[in-house]
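**Q** here's a sequence, model it:
(2 chains)
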Number of protein chains: 2
Amino acid sequence: MTEQTAHESFLADWAIHSRFGAVEGTNGVERQAASAADGEQRKWFAELLESRGFTVKRDAIGNQFGLLELVPGAPYVLTGSHMDSQPTAGRFDGAYGVMASAHACFRVADELRANPENAKFNLAVVNWFNEEGSRFKPSMMGSSVFTDKLTLDEALATEDPKGITVRDALDAIGERGDLAGLDVASYAEIHVQQGRSMEEDGVTIGLVNATWAAHKYDFRVKGEQAHSGSTLMADRRDALLGAARLVVAARELVDEFEPEALHTACGELTVYPNSPVVVASDVRLLLDLRSPSAEVIREAHERLMAVIERVQREDRVEIEIVAEHSWDQNPYPENGVALAREVAEDLGLTHDRVMTVAGHDSTNMKDLVPTVMLFVPSVDGVSHNLNEYTRDEDLVAGVDHLTGVIARLASGALVA
Amino acid sequence: MTEQTAHESFLADWAIHSRFGAVEGTNGVERQAASAADGEQRKWFAELLESRGFTVKRDAIGNQFGLLELVPGAPYVLTGSHMDSQPTAGRFDGAYGVMASAHACFRVADELRANPENAKFNLAVVNWFNEEGSRFKPSMMGSSVFTDKLTLDEALATEDPKGITVRDALDAIGERGDLAGLDVASYAEIHVQQGRSMEEDGVTIGLVNATWAAHKYDFRVKGEQAHSGSTLMADRRDALLGAARLVVAARELVDEFEPEALHTACGELTVYPNSPVVVASDVRLLLDLRSPSAEVIREAHERLMAVIERVQREDRVEIEIVAEHSWDQNPYPENGVALAREVAEDLGLTHDRVMTVAGHDSTNMKDLVPTVMLFVPSVDGVSHNLNEYTRDEDLVAGVDHLTGVIARLASGALVA
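**A** Purely as a prediction, here's the structure:
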């Protein structure tokens, strides 16, 4: 197959793939984890893998694997990402990585079948279950169970807002399987950048060298139900007011640091009883601090805690940290970055080191095996949005690059 | 029946009544409109009315009436309130008014049967459908349809957050009926005060002479979905941030006026897509301004509009007023206040004129017929809360007073 044909083949499959869960009148998709659209796409993807000689298996948390054994009994080079999406999201996020991985493996498989002496490892494509965490929390659920960071039982018992468990949702789409682990030699993942630096700098391949530091909080603000019209203002303990002050304070924190030194956000906030004439008694909100600098995170955390003290005192609410977790800047292995740079130079593709703000399944995998994490540009960095867009030329350049990475990994690169 | 026996009879029925929808481990109830608990309570209430010789009928929006014809063909003195509740609410709000009305009518019916020459009108008790508006909006739905302020079709088609219509919810509890209107001569309602002024002033009977002025808004804040970690802060258009600024601004407005001149609140706020890693694109919130002074409302409205201008500009969100309605201070008829004062003086009950901040079904009825609105005290003014509490002595004093009011209305008071 020529490179031209390979590109056309990828783009043809990509076009079909992007129609699962399509949001009418837009270019985006809605394909939350274990939804009907996720199930239909997985069936189609299984058929695609099988048509290229791969054997499809699922493990107990619904990670979908396409396996090609070239060297009987040898470990696997694993590559993939996730096909689930946020609500009303773009069609690239995650899905591009899975499709690029599949096509890269198809090409490497052709090469290795022609030159079997180059094959040291077998090839596996993975579609991780529930990377997004919008329907079922936490995010990166499939890769967390695969890497023993989350127990299978806990994951399967997780409920969505309607009370449906992961177990039942996976059974409903027939995607709970019995593959018991996989012997993985190395891992590679490619993703669209969820930022605009590569596009601005004219870089085609991002060599991801670290994840930003972060501190994430699950807050519960407790007040007291009261009539929202008649209760004296001085008598109120308004949980929604307390929560709103945290949302505003998180945004205002940003301006206390250097430009772009700190990102803060609250994307999820739920009010009880959420009635027009009742002062809220209970608000849950998820709030994040992110920065390339762990020092900035620590300073922002202290300032946020001071705001919480003040809001508790002045608005007479209780603010509980139900859960929190934080991490310093988290590096990807340098030998993976070096391998990716070498491939980019071989192919004549522009490249640069970039950090990722968002987490990826590779964040879990890199703690276990040699790992390469790659980005292609995203126009204006639009992400988690129906209008997310990456140009075809960047999509196929990414597939070419990943093909080079997989070929080297399959020949034994990075593995001592 | 002696007054002592009447009090015991009321308190016995009240105790049974307060168990429908009881929230375990509390003194409160959850009995939202057309819920199973609402349906069970209505069945019990119908049996109580029938056991005292009343005929029970429902109209097409589920208002439940107990009718006693003493003067064939004459109009009815109507009295009642609502038995539906907010989520996790107190047992008095609304429910006390219906039960007090029933027992007042039982006593007046006994008097008029003994002295039929005093009866000019017939007696009717009403349990209005969906006064609270927590499950189905708007509030005061049953009395609004009854008084032609809302069409029946619009009300029946209203959906709760799960997509169940009023029509289907009423049918599920068998409470959609065929009573086509009622010839009403006059109306009376009693309610616990949703404030603490009467308790502080040592007043047993509140003669409600007006409703506070108010301005209510249904806001929609529109931003744009984005990755909440990686998107540059400067690129964001965060609808939840915009909404939080409105919640905080509404509270801060209060401090710009004299103490207790202005009440503001946001009790309901809903976020889309409400995912931890997505900047919200769409937030709906209901926000109220209330004041005894229409002038204060106008000034607060202007300041709120200025805040909205600033938030739209600085946070790059759009804020749309989906709906708004406002009213000036809204008086109850003075002849009803005078009648209630006369009854209180006859009975030796302390009394005072009070305004209501909250709306009541009587707000609708007073525009059609002569109306009397009464309050009894509420300990600490706790309302829309499981711990709402009114003392037995105040409950029975209210029943005594309402009995006097109904007796006079049935004899023709207030009707020219």
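
**Q** so which bits of the stretch 1-150 of chain A are right by chain B?
**A** Within the stretch 1-150 of chain A, the positions near chain B by Cβ under 8 Å from any Cβ of the partner chain are A:86-89, A:132-134, A:137, A:139. Where C-beta positions appear, they are placed from N, C-alpha and C, glycine not excepted.

**Q** list only buried entries from those residues.
**A** A:86-89, A:132-134, A:137, A:139 (16 or more other Cβ atoms under 10 Å in any protein chain shown).

**Q** tell me which two in the residues you listed are the farthest apart.
**A** Within these, two members stand farthest from each other by Cβ to Cβ: A:88 and A:137, at 18.7 Å.

**Q** next SSE downstream of the helix or strand hosting residue A:58?
**A** Using DSSP states H and E, the element containing residue A:58 is strand A:55-58. Counting by DSSP H and E, the element after strand A:55-58 in chain order, helix or strand, is strand A:64-68.

**Q** what packs against that following strand?
**A** Packing partners of strand A:64-68 (3 or more Cβ pairs under 8 Å, 6 or more residues apart in numbering or on different chains; DSSP states H and E): helix A:36-51, strand A:55-58, helix A:95-114, strand A:122-128.

**Q** with mean pLDDT added, can I get those in CSV?
**A** Listed next are the helices and strands packed on strand A:64-68 as CSV, based on pLDDT from 0 to 100:
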stretch, mean pLDDT
helix A:36-51, 98
strand A:55-58, 98
helix A:95-114, 98
strand A:122-128, 98
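
**Q** of all the ones you listed, which one is nearest residue B:145?
**A** If we rank the helices and strands packed on strand A:64-68 by Cβ to Cβ, the stretch that ends up nearest is helix A:36-51, at 38.9 Å.

**Q** my guess is residue A:42 meets residue A:64, correct?
**A** Yes - here residue A:42 reaches residue A:64: they are 5.7 Å apart, a contact under Cβ atoms under 8 Å.

**Q** where do the contact lists of the two overlap?
**A** A:127, A:175 (Cβ atoms under 8 Å, 6 or more residues apart in numbering or on different chains).

**Q** and those two? which has more neighbours close in?
**A** residue A:64 (26 against 23; other Cβ atoms under 10 Å in any protein chain shown).

**Q** setting aside sequence neighbours, what's the nearest residue to the more buried one?
**A** Residue nearest to residue A:64 in three dimensions, not counting chain neighbours: residue A:127, with 4.2 Å by Cβ to Cβ, 6 or more residues apart in numbering or on different chains.

**Q** and the one you found, what does it touch?
**A** A:42, A:45, A:63-65, A:80-83, A:98.

**Q** report the contact partners of the spatially closest residue to residue A:3 that is not a sequence neighbour.
**A** In space, and not counting its chain neighbours, residue A:3 is closest to residue A:400: 7.0 Å by Cβ to Cβ, 6+ apart. Applying Cβ under 8 Å, 6+ apart to residue A:400 gives the contacts A:3, A:347, A:349.

**Q** redo that, cut-off 10 Å
**A** A:3, A:6-7, A:10, A:100, A:103-104, A:107, A:204-205, A:343-344, A:347, A:349 (Cβ atoms under 10 Å, 6 or more residues apart in numbering or on different chains).

**Q** backbone phi and psi for it, please?
**A** Note on residue A:400: backbone dihedrals following degrees, to the nearest 10 are phi -60, psi -50.

**Q** okay, it: pLDDT?
**A** For residue A:400, the pLDDT comes out at 98.

**Q** wait, residue A:224 sits on residue A:231?
**A** Yes - using Cβ atoms under 10 Å, residue A:224 is in contact with residue A:231, at 9.4 Å.

**Q** who has more neighbours, these two?
**A** The neighbour comparison of residue A:224 against residue A:231 (other Cβ under 10 Å) goes to residue A:231, with 29 against 21.

**Q** picking that back up, any idea how far chain B is from the residue nearest to residue A:64?
**A** Counting by Cβ to the nearest Cβ, to the nearest Å, the gap from residue A:127 to chain B is 19 Å.

**Q** and chain A, what are its domains?
**A** Annotated domains of chain A cover A:3-212+A:330-410, A:213-327 [automatic domain parsing].

**Q** now do the buried residues in the longest helix seen in chain A.
**A** Criterion DSSP state H: the longest helix present in chain A is helix A:294-315. By 16+ other Cβ under 10 Å, the buried positions in helix A:294-315 come out as A:294, A:296-301, A:303-304, A:307-308, A:311, A:315.

**Q** from the contact counts, what lies against that helix?
**A** strand A:213-222, helix A:239-254, strand A:282-291, strand A:318-327 (3 or more Cβ pairs under 10 Å, 6 or more residues apart in numbering or on different chains; DSSP states H and E).

**Q** again, only this time at 6 Å
**A** Helices and strands touching helix A:294-315, by 3 or more Cβ pairs under 6 Å, 6 or more residues apart in numbering or on different chains; DSSP states H and E, are strand A:213-222, helix A:239-254, strand A:282-291.

**Q** could you dump the ones you listed into CSV with distance to residue A:394 and mean pLDDT added?
**A** As requested, the helices and strands packed on helix A:294-315 are exported to CSV (distance: least, Cβ to Cβ, whole Å; pLDDT from 0 to 100):
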stretch, distance to residue A:394, mean pLDDT
strand A:213-222, 27, 97
helix A:239-254, 30, 98
strand A:282-291, 25, 98
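
**Q** to residue B:172, which of these lies closest?
**A** Ranking these by distance to residue B:172, with Cβ to Cβ as the measure, places strand A:282-291 first at 28.3 Å.

**Q** ok, and what's touching that closest one?
**A** Here strand A:282-291 makes contact (Cβ atoms under 6 Å, 6 or more residues apart in numbering or on different chains) with A:212-222, A:239-240, A:243, A:250, A:261-266, A:268-272, A:297, A:300, A:357, B:229, B:276.
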